[in-house]
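> got a predicted structure plus its sequence, pasted below:
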Amino acid sequence: MRARTNSMNSNAPTPPLPVLADSEAPTDPTPALAAPRPKRGDELELQIESLAFGGEGVARLGDSGYVVFVSGAIPGDRVRAVVHKRKRSYAHARTLEVLEPSPERIEPAADHPGVPWQVLPYERQLEVKRAQVDDALRRIGRLDGYELEDIVPAVEPWRYRNKLEYSFGVATGSGEVGDGGEQLVCGFHVPAGGNAVAPIADCLLASERGNLAREVALRWCREQGLTAWERGGAGRGAPGAREERTAPAADGRARLRNLVVREGRHTGKLQVRIVTTAGELEAGLLAAALSQALGDSLSGVLWTRSRSLAETTAGGETELVWGDAGLPERLGELEVLISSEAFFQTNTEMAELLYGVVVRYAALEGWERVYDLYCGIGTIALTLAPRAGELWGIELVEEAVADAIAGAQRNEITKAQFFAGDVRLAMPELLERAGRPDLIVVDPPRAGLSKKVVHRIIDASPKRIVYVSCNPTTLAPNAAELVQAGWTLRSVCPIDMFPQTHHIECVALFERGDGAAADGAAAGSE
């Protein structure tokens with residue numbers, strides 16, 4: 001069911017919002033100077049007024065309204081918080097104690113990080129997310145006249161992720177050792193807690209099978225006496241810092257960085273990848289332990305050695321230790337094989353609903369030429385291709401393009417062609433080779449589309465654009481540019497891919513006005 005144009009559902013309470021992000025915090029120096037400006041380390045008692053985009057609570061100090069973004073707090077809370085970052089006109093703080101809980105606050109279900117909105121009733125989460133999409137488009141994009149559909153709720157509010165990236169670390173007195181000494185843990189980073197990693201007993205974002213994989217891997221690493229690498233710290237930019245911090249342990253063995261557990265939700269298969277520094281590792285023994293515990297559900301075990309100083313599981317040298325390199329999965333009518341570092345929507349059930357919205361907005365009749373930009377392993381493209389005349393997919397990552405081509409062959413889809421390239425550079429060549437598209441589908445990273453890519457889309461002058469966004473604050477300026485060039489923002493459908501978190505996915509439909517073809521080409525050539 002859809003809501004009325006340009007209005008919230010009349011039965012739903014309107015949450016107090018500004019949807020503020022760091023870059024959008026108050027910038028007028030006069031009120032900032034007049035307000036009390038806390039220092040890093042100061043403890044404050046704060047009344048939380050609203051939720052910022054990004055999930056932090058918003059509080060204000062003094063009559064002039066100095067803004068403090070507070071993690072771990074929701075509207076209506078009165079909290080004691082410590083400041084960990086300060087800017088001229090706003091600060092960030094971390095909740096130490098909830099002094100007076102909000103009437104909306106509920107008891108948390110999970111005892112681990114990664115689910116900061118679990119203290120909000122789920123229906124309230126949906127209301128806030130839908131309102132934040134609307135606010136971003138109106139306030140940042142200065143847009144109006146579009147239809148804001150009701151948010152699509154999650155199929156499963158818990159245990160919905162098909163991929164979890166855990167970090168190895170050390171916990172002191174974690175309760176897992178009797179003497180309170182240090183213990184290797186595998187969990188999530190503590191919010192606003194630097195490089196600290198919180199241990200996890202049961203991750204409520206993962207399935208029971210996925211949790212078992214993490215528990216077996218951690219137990220094996222402890223039995224082997226392996227250590228975690230040191231994140232951050234002084235001298236990270238000094239000469240030789242990379243070599244020192246990514247070197248093996250003193251005994252020559254690899255130090256542990258991350259554990260990546262991926263699951264085929266419809267196939268029941270698991271892929272486990274351990275990420276370490278350089279050094280020795282009996283990875284075959286790890287694979288044997290996992291195979292014994294998981295049986296036929298284990299699809300493959302991989303080992304990545306990384307020299308990056310960043311907290312990332314991407315890059316490095318990856319080798320297949322056991323089983324298959326690709327994870328088999330079904331998505332709607334598609335059979336897909338997912339490489340270890342390929343992008344795949346992390347909520348399989350909701351991805352199927354999202355793709356349904358894309359199909360509806362695309363409204364293909366069977367003759368259209370379609371471009372799919374940032375196509376990844378081609379799941380959206382392969383969903384649309386049987387409904388189109390021809391489809392062209394562009395993706396920068398060559399491994400993902402290989403997956404897309406293999407996916408087309410596996411599903412006997414002949415109308416889709418994929419090639420590797422930077423969208424910004426590859427679009428002119430594609431236009432010359434394939435001709436102008438009738439529809440462009442774009443699913444960019446969180447940063448949205450660069451101005452150059454927006455101009456490439458304008459130059460291509462499609463009749464319709466379907467924009468899949470994981471960040472409404474970057475969708476909004478992109479949407480404003482397209483509207484200025486002659487397209488009309490018709491509809492926006494928010495989709496809750498990530499319950500218990502602030503993350504918001506949405507799909508937007510743009511249709512070209514009569515003057516957009518000529519005016520857009522002129523704008524794109526500027």
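On my side now, so go ahead.
> residue 473 contacts residue 140, doesn't it?
Yes: with contact defined as Cβ atoms under 8 Å, residue 473 and residue 140 form a contacting pair (6.1 Å). Just so you know, the C-beta spots here come from the backbone N, C-alpha and C atoms, and that holds for glycine as well.
> so between these two, which is more surrounded?
residue 473 (25 against 20; other Cβ atoms under 10 Å).
> what's the helix or strand for that one?
Residue 473 belongs to helix 472-484 when assigned by DSSP states H and E.
> okay, buried residues for the next helix or strand after that helix please.
Using DSSP H and E, the helix or strand that directly follows helix 472-484 along the chain is strand 487-495. Across strand 487-495, burial judged by 16 or more other Cβ atoms under 10 Å covers 487, 489, 491-495.
> how big is the angle separating whichever helix or strand comes after strand 487-495 from helix 472-484?
Heading C-terminal from strand 487-495, the first helix or strand you meet, by DSSP H and E, is strand 505-512. With axes from the mean of the first three to the mean of the last three Cα atoms, to 10 degrees applied, the angle from strand 505-512 to helix 472-484 works out at 0 degrees.
> mind giving me the packing neighbours of strand 505-512?
helix 348-362, strand 464-469, helix 472-484, strand 487-495 (3 or more Cβ pairs under 8 Å, 6 or more residues apart in numbering; DSSP states H and E).
> what does it contact?
Residues from elsewhere that reach strand 505-512, judged by Cβ atoms under 8 Å, 6 or more residues apart in numbering: 133, 146, 350, 354, 357-358, 361, 461-470, 472, 475, 479, 482-483, 486-498, 520.
> could you rerun that using 6 Å?
Contacting residues not belonging to strand 505-512 are listed as 133, 357-358, 361, 463-470, 482, 487-495, 497 [Cβ atoms under 6 Å, 6 or more residues apart in numbering].
> pretty sure residue 231 is touching residue 195, no?
Yes: here residue 231 reaches residue 195: they are 4.0 Å apart, a contact under Cβ atoms under 6 Å.
> the two: which has the busier surroundings?
residue 231 (19 against 13).
> buried residues in the strand or helix carrying residue 453?
When secondary structure is defined by DSSP H and E, residue 453 falls within helix 451-460. For helix 451-460, a neighbour-count test (16+ other Cβ under 10 Å) marks 453-460 as buried.
> leaving out sequence neighbours, find the closest residue to residue 203.
residue 211 (5.7 Å; Cβ to Cβ, 6 or more residues apart in numbering).
> counting neighbours, what do you get for the one you found?
19.
> what lies in contact with the helix or strand hosting it?
Assessed by DSSP H and E, residue 211 sits inside helix 208-224. Residues from elsewhere that reach helix 208-224 (Cβ under 6 Å, 6+ apart): 184, 186, 202-203, 259, 261, 263, 270, 272, 286, 289-290, 293.
> what about that helix, distance to the chain center?
25 Å (Cα atoms, centre = their mean, to the nearest Å).
> count of residues packed around the residue nearest to residue 361 when sequence neighbours are not counted?
Spatially, and ignoring its direct neighbours in sequence, residue 361 is nearest to residue 509 (4.2 Å; Cβ to Cβ, 6+ apart). Residue 509 has 23 neighbouring residues, counting by other Cβ under 10 Å.
> and if you look at the one 3 residues further on?
When counting by other Cβ under 10 Å, one arrives at 19 neighbours for residue 512.
> from residue 250, how far off is it?
Going from residue 512 to residue 250 by Cβ to Cβ, to the nearest Å gives 64 Å.
> so how far is stretch 344-363 from its chain's centroid?
15 Å.
> so which residues make contact with it?
For stretch 344-363, the surrounding residues in contact (Cβ under 6 Å, 6+ apart) are 152, 154-155, 160-163, 265, 332, 338, 380, 383-384, 439, 466, 493, 495, 497, 507, 509.
> what about the closest residue to residue 115 other than its chain neighbours, neighbour count?
Closest residue in space to residue 115, ignoring its immediate chain neighbours: residue 500 at 3.9 Å, by Cβ to Cβ, 6+ apart. Using other Cβ under 10 Å, residue 500 has 24 neighbouring residues.
> touching, residue 500 and residue 118? I think so.
Yes: in terms of Cβ under 6 Å, residue 500 counts as a neighbour of residue 118; the distance is 4.4 Å.
> tell me which element residue 293 falls in.
helix 283-294.
> buried residues in that helix?
Quick answer for helix 283-294 (16+ other Cβ under 10 Å): 283, 286-287, 289-291, 293-294.
> dump it to CSV, keeping only the CA atoms.
Presented in CSV, the C-alpha positions along helix 283-294 are these (Å, rounded to 0.1, in the frame of the first residue of the first chain):
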residue,chain,number,x,y,z
ALA,A,283,44.9,-23.2,7.4
GLY,A,284,44.2,-26.8,6.4
LEU,A,285,43.7,-27.8,10.0
LEU,A,286,41.3,-24.9,10.4
ALA,A,287,39.4,-26.2,7.3
ALA,A,288,39.3,-29.7,8.8
ALA,A,289,37.9,-28.4,12.1
LEU,A,290,35.2,-26.4,10.3
SER,A,291,34.3,-29.3,8.0
GLN,A,292,34.0,-31.7,11.0
ALA,A,293,31.6,-29.2,12.8
LEU,A,294,29.6,-28.0,9.8
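> toward the C-terminus, what is the element adjacent to it?
strand 298-305.
> any idea how far the helix or strand just after that next one is from the chain center?
Using DSSP H and E, the helix or strand that follows strand 298-305 towards the C-terminus is strand 317-323. Relative to its chain's centre, strand 317-323 lies at 25 Å (Cα atoms, centre = their mean).
> partners of strand 317-323, with directions?
strand 298-305 (antiparallel) (DSSP bridges).
> list the contacts of the partner strand.
269-276, 278, 283, 287, 290-291, 316-324, 327, 340.
> same thing but at 8 Å, please
213, 254, 264, 269-279, 281, 283, 286-287, 290-291, 313, 316-328, 340.
> just the buried residues of it, please?
For strand 298-305, by 16+ other Cβ under 10 Å, it's 298-305.
> chain center to it: distance?
That offset, for strand 298-305, works out to 23 Å (Cα atoms, centre = their mean).
> what of stretch 363-380?
Using Cα atoms, centre = their mean, the offset of stretch 363-380 from its chain centre is 22 Å.
> before we move on, what about stretch 113-127?
Using Cα atoms, centre = their mean, the offset of stretch 113-127 from its chain centre is 16 Å.
> which residues are common contacts for residue 500 and residue 118?
With Cβ under 8 Å, 6+ apart as the test, residue 500 and residue 118 both reach residue 110.
> buried stuff in the next helix-or-strand element following the helix holding residue 211?
Per DSSP H and E, the first helix or strand lying C-terminal to helix 208-224 is helix 241-245. By neighbour count on 16+ other Cβ under 10 Å, the buried set for helix 241-245 is residue 245.
> same check, this time on stretch 71-90
So for stretch 71-90, counting by 16+ other Cβ under 10 Å, buried means 71-79, 81-84, 86, 89-90.
> out of the residues you listed, which sit inside strands?
71, 78-79, 81-84, 86, 90 (DSSP state E).
> out of those residues, which two sit at the greatest distance?
Within those, two members stand farthest from each other by Cβ to Cβ: 78 and 86, at 21.2 Å.
> what about residue 208, neighbour count?
8.
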